[in-house]
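K.L.:
Fold the stuff below for me.
(one chain, ligands or ions: 1)
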Amino acid sequence: MNFPYRHIVILTGAGISAESGIETFRSGADGLWEKHKIEDVATPEGYHRNPVLVQNFYNKRRQQLEGGTVAPNAAHLALAKLERELEGEVTVVTQNIDNLHELAGTKNIIHMHGELLKAQCNHSGQSVAWSGDISLDDHCHCCQIPAPLRPNVVWFGEMPIGMDRIHDALVKADLFISIGTSGAVYPAAGFVHEAAMHGAHTIELNLEPSDVEDEFAEKRYGKASVLVPELVE
Ligand code: BJW
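P.N.:
This next block holds a predicted model:
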């Protein structure tokens, strides 16, 4: 592969999975997400107010992943091929909680906002692989105090996962590519700045300019399934 970079960090967001049939977050003009306000389904406060609604919301999304109707698209596949063929290191940092990068063959991946196919103990924070619905009756036995299980996802106000590894990869990066993210949520939206400060070339691939488009040296707008293979293959 004739790609002149050796340490590549790729940040992905909901836009990369949109063409696989998974809805993005901020697509509706009304700011609603599957008829729910983000504050109701993606904050610890929302979960404490109405755990049944939140569990059902994530159960429905887990059913979509496990139903066999969603599959990786050309963008996921091109990134997995890049990782296989590059003489160097590719780190995919995804904000997505789906498993489409893994199904495409990506190995070096950090799920900074968690994973839908894991459940988390409300007491210890430990996570376990999970398939099927999580109900309020499911209790974790990882620690001495059995606690209800919640989806293994990072809500607003909670610390994203793998920040040390992400920081190390950004410092080393000679190329940073952002794909399919609105740039509305931090700390992910700040990664382009951090990578550029440490000397990386930066590229935004998105349907439309993101909230942090000014930070990027290069930008291309269109569908991820077209732009990503065009760039990396
Ligand atoms: C396509 C396409 C196609 C469509 N092809 N493209 C004030 C200032 C700064 C920060 C804060 C602040 N007040 C509070 C904060 C912090 C807060 C935050 O950022 N708030 C903002 C709202 C301002 N952040 C947090 O709380 C985070 N934690 C934190 O900061 O901890 C403290 C800390 C301190 C120091 C260091 C580190 C940390 C946690 C954030 C957790 C976000 N959680 C969610 C839910 C996860 C579970 C779930 O999935 O249900 O994560 S919210 C939601 O947004 C989800 C996503 O991962 C995330 C980002 O969304 P994404 O992926 O960008 O999707 P969209 O829909 O917004 O955009 C899709 C894009 O794709 C669009 O642009 C389309 O055009 C494009 N597109 N089709 C190419 N075919």
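K.L.:
Show me how the record splits this structure into domains.
P.N.:
7-22+72-113+160-232, 32-68+118-153 (automatic domain parsing).
K.L.:
Give me whichever of those is most buried.
P.N.:
For those, the largest average neighbour count (mean count of other Cβ atoms under 10 Å) is found in domain 7-22+72-113+160-232, namely a mean of 20. The C-beta positions use only the backbone N, C-alpha and C, and glycine is treated the same way.
K.L.:
okay, how far is it across it, tip to tip?
P.N.:
14 Å (Cα to Cα, to the nearest Å).
K.L.:
pLDDT on that domain, on average?
P.N.:
Averaging pLDDT along domain 7-22+72-113+160-232 yields 98.
K.L.:
Identify the residue spatially nearest to residue 211, adjacent ones excluded.
P.N.:
Once flanking residues are discounted, residue 211 sits nearest to residue 183: 3.9 Å by Cβ to Cβ, 6 or more residues apart in numbering.
K.L.:
Backbone torsions only: list them for that neighbour.
P.N.:
Taking degrees, to the nearest 10, you get phi 70, psi 20 for the backbone angles of residue 183.
K.L.:
Only C-alpha atoms, please: export the longest helix seen in the chain in PDB.
P.N.:
Longest helix in the chain by number of residues (criterion: DSSP state H): helix 51-66. The C-alpha trace of helix 51-66 is given here as PDB (Å, rounded to 0.1, in the frame of the first residue of the first chain):
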ATOM      1  CA  PRO A  51     -34.600   3.300  34.100                       C
ATOM      2  CA  VAL A  52     -37.200   1.300  32.200                       C
ATOM      3  CA  LEU A  53     -37.400   3.800  29.300                       C
ATOM      4  CA  VAL A  54     -33.600   3.900  29.000                       C
ATOM      5  CA  GLN A  55     -33.200   0.100  29.200                       C
ATOM      6  CA  ASN A  56     -35.900  -0.300  26.600                       C
ATOM      7  CA  PHE A  57     -34.300   2.300  24.400                       C
ATOM      8  CA  TYR A  58     -30.900   0.500  24.400                       C
ATOM      9  CA  ASN A  59     -32.600  -3.000  24.200                       C
ATOM     10  CA  LYS A  60     -34.200  -1.900  21.000                       C
ATOM     11  CA  ARG A  61     -30.900  -0.800  19.600                       C
ATOM     12  CA  ARG A  62     -29.200  -4.000  20.700                       C
ATOM     13  CA  GLN A  63     -32.000  -6.000  19.000                       C
ATOM     14  CA  GLN A  64     -31.200  -4.100  15.800                       C
ATOM     15  CA  LEU A  65     -27.500  -5.100  16.000                       C
ATOM     16  CA  GLU A  66     -28.400  -8.700  16.800                       C
END
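K.L.:
ok, residues contacting that helix?
P.N.:
21-22, 34, 36, 40-41, 46-47, 70, 97-99, 116-117, 130-136, 148, 150-151, 153 (Cβ atoms under 8 Å, 6 or more residues apart in numbering).
K.L.:
before we move on, could you check phi and psi at the closest residue to residue 91 other than its chain neighbours?
P.N.:
Of all residues not flanking residue 91 in the chain, residue 169 sits nearest, at 4.3 Å (Cβ to Cβ, 6+ apart). Main-chain torsions, residue 169, degrees, to the nearest 10: phi -70, psi -40.
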